[in-house]
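**Q** Everything below, folded, please.
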Amino acid sequence: MEEEEEEDEDPWALPALHDAGPAWKELDGIGKLQRVLLAILRGFLLLVLLYVFVCSLDVLSSAFQLVGGKAAGDIFSDNEVLSNPVAGLVIGVLLTVLVQSSSTSSSIIVSMVSSGLLTVTTSIPIIMGVNVGTSVTSTLVSLAHSGDRNEFRRAFAGSAVHGLFNWLTVLILLPVEVGTHYLYHLTSAIVDTFNIQSSETAPDILKVITEPFTHLIIQVSFSWDKGTITQTQTRPPLLWDDQPAPGWHPPGFSGGTRDGRPSLLPSGTHIFAHTTLPDMAVGFILLFASLLVLCGCLMLIVKLLNSVLRGQIAQAIKKVINADLPFPFGWVNGYLAILVGALMTFILQSSSVFTSAIIPLIGIGVISLERVYPLCLGSNIGTTTTAMLAALASPADKLIFCPSAPQVALIHLFFNLTGIVLWYIIPVLRLPIPLAKKFGNITAKYRWFAVLYLLLSFFLLPAAIFGLSIAGWPVLVGVAGPIVLLAAFCSVVTLCQHRCPQYLPHCLRTWDSLPIWMHSLEPWDHLLSQCQRHCCCCCRCCREKVPVCARVCMCVPSPRHLTFDPE
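**A** Sure thing, here's the model as predicted:
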């Protein structure tokens, strides 16, 4: 009966966050003082955890640079690969996964265009991939809510709605751009009309707070957005494993040497200043440590928010965030949320930090999915302001005339604006919201689906497409073409099954004619459950070193399945 009642409830309705403690009126003077001090302490701890969380993201970015910097440099130096728009899209996804910030990734692309390594045309697919890759951090954050089924449903949907918007926009605009060069011609006309120029630097508000701490842990000798790759170099100077030619040094190099080799780790006060480990080993150490700290901070933030956002405080926050303006101004609500998301991302200078910070609020039920969607769209707009502000608001004596760099920043901006026109202005076309709810429901039932989505969307699928792109257009079209056509056919048939099944042949009105493993996740869930039980059982048997007959008793689900041999 309890399960039936849970199924009847709307899982997407925001839950009531009740305060289990006594009411304020019932407390005496000491009790009120204790509650106030406890609230201050919780607020302070929340700020500390958020600070450590942001610092761990910064260290994670440095770790990824140390681990994958040389490979990224090899890719960016290959003009044949970059000329393929599909490969460029994948490179943008992997680059943002590498540096954990779309603002940083777009700055890298802008600097490469200004240095002549990339043309504006080849940078457009990479910018699109940068937009897609920025949602990987929020997806990782949502995994911290996997302990509670409904919280996980909401948190994962909140992260998925961002990624789905980016993927849907890419699926529409990438073919349009390849065929018509829409973004290139639009931004080129704007740059030529207003004579926009670019500057050397852009303000960075968040790093002013985090760098004093993160620089005690790790320092990279030069940043990627300062021209670390140029056409004049014989090889990409991102990660140094080999002995360089005599007298040759990487551009902007300020680090030291270890065993006669230049290193990204300069001498200084950070922990790894005098280590003898290679850069890649240091990168893996920092990668593991930063992920551990990141997960720990997320779990503590979730628990702290659950204890703070209760009762009247929670209701007040929910009313403010999810409030709707009276008729006829109700349509303004979403656009105000877009403005708030853009402003917060501009202040933080990182869309990953902003979207990751609101995921716990989605999970515990403070923000609705319908309100998160415009906030994420605003975050996409805000992440483009770093390069735009550098182009439009810098002092005149620091301006360097380079029309290509601000054009790339405008391309990033108009890509997101076009996506908003496609998937937000018309309410019927807000497809990311129902798709995210579908993904959230699947994840609530099969929690391993979240990991599968993460691996496929940001690692395995981009890596596979990139490998096919390197092999050439014929191989990419020959392998990926049939798969794309099959996926499109299945999507159209599934849509018709729900909307107009009477127009379909009888064999296509349901997928029941196919093997169940082809249209249901239930067999795969059963297989994974069996593997998990088998692994846990074997580990337990080995650890306890119990007799064989007892191992059989633990491995079978019920004693009635046991048969004993008299011998």
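
**Q** Got the domain ranges for the chain?
**A** For the chain, whose domains are defined here by automatic domain parsing, the residue ranges read 35-471, 480-560.

**Q** out of those domains, deepest packed?
**A** When you average the neighbours per residue for each of the domains of the chain (mean count of other Cβ atoms under 10 Å), domain 35-471 leads with a mean of 19. In this view, the C-beta of every residue, glycine as well, is placed from N, C-alpha and C.

**Q** Tell me who's in contact with the residue positioned nearest the centre of the chain.
**A** Nearest to the geometric centre of the chain sits residue 136, at 1.9 Å (Cα atoms, centre = their mean). For residue 136, the contacting residues are 96-97, 100, 454, 457-458, taking Cβ atoms under 8 Å, 6 or more residues apart in numbering as the criterion.

**Q** For residue 330, state which of those is nearest.
**A** Minimum separation from residue 330 among the contacts of residue 136 (Cβ to Cβ) is found for residue 457, which lies at 33.5 Å.

**Q** ok, the closest one to residue 443 distance?
**A** As judged by Cβ to Cβ, to the nearest Å, residue 457 and residue 443 stand 13 Å apart.

**Q** same question, residue 297
**A** Taking Cβ to Cβ as the criterion, residue 297 is separated from residue 443 by 22 Å.

**Q** can you pull out the helices in the stretch 1-150 of the chain?
**A** With DSSP state H, counting those that start in this stretch as the criterion, the stretch 1-150 of the chain has helices at 2-8, 29-76, 79-82, 85-99, 102-115, 120-133, 136-142, 149-180.

**Q** C-alpha coordinates for stretch 279-298, CSV please?
**A** Provided in CSV are the C-alpha atoms of stretch 279-298 (Å, rounded to 0.1, in the frame of the first residue of the first chain):
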residue,chain,number,x,y,z
ASP,A,279,54.2,16.1,-14.2
MET,A,280,51.8,13.3,-15.1
ALA,A,281,52.3,11.5,-11.8
VAL,A,282,51.7,14.8,-9.9
GLY,A,283,48.6,15.2,-12.1
PHE,A,284,47.1,11.8,-11.1
ILE,A,285,47.8,12.4,-7.4
LEU,A,286,46.0,15.8,-7.5
LEU,A,287,43.2,14.3,-9.6
PHE,A,288,42.5,11.6,-7.0
ALA,A,289,42.8,14.0,-4.1
SER,A,290,40.7,16.8,-5.6
LEU,A,291,37.9,14.3,-6.6
LEU,A,292,38.0,12.9,-3.0
VAL,A,293,37.7,16.4,-1.5
LEU,A,294,35.1,17.4,-4.1
CYS,A,295,32.9,14.4,-3.2
GLY,A,296,33.3,15.0,0.5
CYS,A,297,32.4,18.7,0.2
LEU,A,298,29.3,17.8,-1.8
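
**Q** So of the contacts of residue 136, which two are at opposite extremes in space?
**A** Between any two of these, the greatest separation by Cβ to Cβ is 15.6 Å, found for 100 and 457.

**Q** Which stretches in this structure count as strands?
**A** With DSSP state E as the definition, the chain shows strands at residue ranges 198-199, 257-258, 261-262, 399-400.

**Q** circling back: and the contacts of residue 136, which is the shakiest by pLDDT?
**A** On pLDDT alone, residue 100 ranks lowest of the contacts of residue 136, at 68.

**Q** Now do the phi/psi pair for residue 364.
**A** Torsion angles at residue 364 (phi, psi; degrees, to the nearest 10) stand at phi -80, psi 0.

**Q** should've said residue 28
**A** The phi and psi values for residue 28, taken as degrees, to the nearest 10, are phi -90, psi -170.

**Q** Relative to residue 522, how far out is the nearest residue to residue 355 once chain neighbours are set aside?
**A** Nearest residue to residue 355 in three dimensions, chain neighbours excluded: residue 138, at 4.2 Å (Cβ to Cβ, 6 or more residues apart in numbering). When Cβ to Cβ is the yardstick, residue 138 and residue 522 sit 28 Å from each other.

**Q** quick one: the helices in the stretch 401-550 of the chain?
**A** In chain order, the stretch 401-550 of the chain shows helices spanning 404-423, 432-445, 448-455, 461-471, 473-499, 516-519, 522-544, 548-555, with DSSP H, counting those that start in this stretch as the criterion.

**Q** ok and the fifth one relative to helix 461-471, angle-wise?
**A** Orientation of helix 473-499 against helix 461-471 (axes from the mean of the first three to the mean of the last three Cα atoms, to 10 degrees) gives an angle of 140 degrees.

**Q** and the angle for helix 473-499 with helix 85-99?
**A** Note on geometry: by the same axes, to 10 degrees, helix 473-499 and helix 85-99 are set 80 degrees apart in direction.

**Q** re earlier: and the pLDDT at the residue nearest to the centre of the chain?
**A** pLDDT recorded at residue 136 is 86.

**Q** so where's the stretch 51-200 of the chain uncertain?
**A** Along the stretch 51-200 of the chain, the model assigns pLDDT under 70 to residues 65, 68-80, 99-101, 103-104, 107, 111, 114-117, 194-200.

**Q** before we move on, back to that, now render the helices of the stretch 401-550 of the chain as TSV, adding distance to residue 180.
**A** Conversion of the helices of the stretch 401-550 of the chain to TSV gives the following (distance: least, Cβ to Cβ, whole Å):
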stretch	distance to residue 180
helix 404-423	12
helix 432-445	24
helix 448-455	32
helix 461-471	22
helix 473-499	20
helix 516-519	37
helix 522-544	41
helix 548-555	62
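
**Q** Comparing the ones you listed by mean pLDDT, which bottoms out?
**A** Taking mean pLDDT as the measure, helix 548-555 is lowest among the helices of the stretch 401-550 of the chain, coming in at a mean of 42.

**Q** quick one: residue 420 from residue 171, how far?
**A** For residue 420, the distance to residue 171 under the criterion Cβ to Cβ works out to 16 Å.

**Q** ugh, typo on my part, it should be residue 323
**A** When Cβ to Cβ is the yardstick, residue 323 and residue 171 sit 34 Å from each other.

**Q** Residue 351 now?
**A** 20 Å.

**Q** And for residue 150?
**A** Here the distance between residue 150 and residue 171 works out to 31 Å (Cβ to Cβ).

**Q** if I pick residue 161, what's in contact with it?
**A** Taking Cβ under 8 Å, 6+ apart, we find residue 161 in contact with 369, 372-373, 376, 432-433, 435-436.

**Q** Can you add distance to residue 497 and give those residues back as a markdown table?
**A** Below are the contacts of residue 161 laid out as a markdown table (distance: Cβ to Cβ, whole Å):
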| residue | distance to residue 497 |
| --- | --- |
| 369 | 25 |
| 372 | 29 |
| 373 | 26 |
| 376 | 30 |
| 432 | 21 |
| 433 | 21 |
| 435 | 16 |
| 436 | 21 |
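
**Q** Dump the contacts of residue 136 to JSON lines, plus distance to residue 407.
**A** Supplementary listing: these in JSON lines, determined by distance: Cβ to Cβ, whole Å:
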{"residue": "96", "distance to residue 407": "20"}
{"residue": "97", "distance to residue 407": "25"}
{"residue": "100", "distance to residue 407": "26"}
{"residue": "454", "distance to residue 407": "33"}
{"residue": "457", "distance to residue 407": "29"}
{"residue": "458", "distance to residue 407": "28"}
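
**Q** May I ask you to confirm that residue 152 is in contact with residue 448?
**A** No. Between residue 152 and residue 448 there is no contact, the gap being 11.6 Å when judged by Cβ atoms under 8 Å.

**Q** correct me, but residue 294 touches residue 63?
**A** No. Here residue 294 lies out of contact with residue 63, judged by Cβ under 8 Å, at a distance of 11.0 Å.

**Q** Thanks a lot, see you next time.
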